[in-house]
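J.: Everything below, folded, please.
(one chain, ligands or ions: 2)
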Amino acid sequence: MTNKVIRPGDTIGILGGGQLGRMMAVAAKHMGYRIAVLDPTEDCPCAQVADLHIQANYNDLEAAEKLSEASDVITYEFENVDLEVAKRFEEAGKLPQGAYSLEVTQNRSKEKSVAVEADLPVADYAIVQTVDQLHEALETIDFPAVVKTISGGYDGKGQLKFEYEEDLPKAKSFMKDGGQYIVEKWLAFDHEISQVFTRGIDGNMTFFPIGENVHRHQILHETRVPATVSSQVETKVQEAVTRLAEKMNIVGTFAVEMFVKDENIYINEMAPRPHNSGHYTIEACSVSQFEQHVRAICGLPLLPVYSFASAVMVNVLGKHRDILLSKLEEYQGIHLHDYGKKDSRMNRKMGHLTIIGDNLEEIDEIIANNNIHMW
Ligand code: ADP
Ligand code: MG
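T.: Ligands and ions are numbered 1, 2, ... in the order given. Predicted coordinates:
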């Protein structure tokens, strides 16, 4: 890997042109970088702010080659990019994040193994391929449990929860022949949190405040900062993610989702990129998860992170967007982000809101007064 410094005027190539790519691009733009993006969708969120849009599928090798030629450094906005393409970029010295963290995070089985090897707790789990194997695994894991596809899932997609043994027949239509699945104990956690951090090429790390995540139907609804965790848990979280980051030699912004129960942490999921639960950093921190990511992959020193006392980020899904846009002039004290997506679907992430305050009570009042709690 080269430790080349990428300078203003140079081009950052982004695999994937959704909202994460767009917010990376915006952060990079104010530092004077140019942006090339590879994404199959015309006028996708990132293409709207990029200098060059290569409109092609992610596994189109010719298009990937074009992106590489146009870019001085390459990053990605999601983990399901073609691993072969990522390896080529790494060999060309253009992917400082490396392909390994992608390989791990695009596979729930490898992700769990890395956590276990790092001696970090995870929910009891087993890898299964057939309904019979699932039944057998559940004899020890017990109910409630959740079965997830090994790769490709997001926002609760590719998951099936079993409350009771009586729910098991549902597995038949969910599990496809030849598919690989992970079955996990469903943890009755006290809190769900995420630690977003950045690691530079030099190995230095900075941590954003831990976010507390509130999911609705397995989709992130709100991230609240500060999280309601003790300083002991905070220490455990920092130690855990540092271990993971060093083990995987992470470069860039990275997120680890965790459950907290009885002051213990359990690793749930990792994302080798900026994360939805870190969007609040745009307004609430002196440097955002996106700017810090750009600095890391460009070989610049990371900035210290200072933050406001409290912040809440609320996701705007397709089902919320019309209400939001029609009442925009009435909302008080709310930062708006709209991703410019043309195709609005019920549960698709279309934008987000951020509210800053002295404390969470004050922010909750703003949310209630603006009727956002009704969503
Ligand atoms: P993804 O975010 O890729 O859809 P996750 O594994 O993070 O997949 O699952 C989505 C959400 O479902 C989690 O954030 C959490 O709220 C809930 N969930 C998933 N697995 C478990 C589990 N084992 N115990 C309790 N809740 C879970
Ligand atoms: Mg998740």
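
J.: For the stretch 51-200 of the chain, which residues are neighbours of ligand 1?
T.: Those residues of the stretch 51-200 of the chain that sit near ligand 1, judged by C-beta under 6 Å from any ligand atom, are 123, 146, 153-156, 184-187, 192. For glycine as for every other residue, the C-beta is placed from the backbone atoms N, C-alpha and C.

J.: Please work out which residue of the stretch 201-350 of the chain is closest to ligand 2.
T.: Across the stretch 201-350 of the chain, the shortest distance to ligand 2 (C-beta to the ion) belongs to Glu269, at 4.2 Å.

J.: for the stretch 51-200 of the chain, that is, sorry about that
T.: For the stretch 51-200 of the chain, C-beta to the ion, closest residue to ligand 2: Tyr154, 7.3 Å.

J.: Now for that residue, how many residues are close by?
T.: For Tyr154, the tally of surrounding residues (other C-beta atoms under 10 Å) stands at 16.

J.: and the gap between it and Lys349?
T.: Remark: distance between Tyr154 and Lys349 (C-beta to C-beta, to the nearest Å) = 10 Å.

J.: Checking my notes, Ile363 in a helix, right?
T.: Yes. According to DSSP: H, G, I helix; E, B strand; the rest coil, Ile363 belongs to a helix.

J.: quick one: contacts for it?
T.: 310-312, 355-357 (C-beta atoms under 8 Å, 6 or more residues apart in numbering).

J.: just Lys342 next, same as before
T.: Counting by C-beta under 8 Å, 6+ apart, Lys342 has contacts Asp43.

J.: Same question for Asn107.
T.: 150-151.

J.: now with 10 Å?
T.: 79, 83, 113-114, 150-152, 180, 182 (C-beta atoms under 10 Å, 6 or more residues apart in numbering).

J.: Going by neighbour count, which of these are buried?
T.: 79, 83, 114, 150-151, 182 (16 or more other C-beta atoms under 10 Å).

J.: which ones among those residues are found in strands?
T.: Taking DSSP state E, the ones among the buried ones among the contacts of Asn107 that sit in strands are Ile182.

J.: residues in contact with the closest residue to Phe174 other than its chain neighbours?
T.: Leaving aside its sequence neighbours, Phe174 sits nearest to Leu160 (C-beta to C-beta, 6 or more residues apart in numbering; 4.7 Å). For Leu160, the contacting residues are 145-149, 167, 170-171, 173-175, 181, 183, by C-beta under 10 Å, 6+ apart.

J.: With Lys29 instead?
T.: Residues counted as contacts of Lys29 (C-beta under 10 Å, 6+ apart) are 12, 35, 49-51, 294.

J.: that older thread, okay, the contacts of Leu160 in CSV with neighbour count next?
T.: Shown next, in CSV, are those (neighbours: other C-beta atoms under 10 Å):
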residue, neighbour count
Ala145, 24
Val146, 19
Val147, 25
Lys148, 20
Thr149, 18
Asp167, 14
Lys170, 13
Ala171, 19
Ser173, 8
Phe174, 15
Met175, 21
Tyr181, 26
Val183, 25
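
J.: Of the residues you listed, which is the nearest to ligand 1?
T.: Nearest to ligand 1, judged by C-beta to the nearest ligand atom, of the contacts of Leu160 is Val146 at 5.0 Å.

J.: State the three-state secondary structure for the closest one.
T.: Quick answer, by three-state DSSP: Val146 is strand.

J.: residues contacting Val312?
T.: Val312 neighbours (C-beta under 10 Å, 6+ apart): 211-212, 214, 222-225, 280, 284, 334, 353-357, 360, 363-364, 366-367, 372.

J.: Now intersect those residues with the helices, please.
T.: 284, 360, 363-364, 366-367 (DSSP state H).

J.: For the stretch 1-150 of the chain, which segments count as strands?
T.: Secondary structure of the stretch 1-150 of the chain (DSSP state E, counting those that start in this stretch): strands at 11-15, 34-38, 52-54, 73-76, 125-128, 145-149.

J.: same thing with the stretch 251-375 of the chain?
T.: 252-261, 264-271, 310-317, 335-338, 349-357.

J.: Nearest to Ala70 among these would be which one?
T.: Closest to Ala70 of these, according to C-beta to C-beta: strand 252-261, at 20.0 Å.

J.: same for that closest one, what does it pack against?
T.: helix 19-29, strand 73-76, helix 100-105, strand 191-199, strand 211-216, helix 231-248, strand 264-271, helix 289-297 (3 or more C-beta pairs under 10 Å, 6 or more residues apart in numbering; DSSP states H and E).
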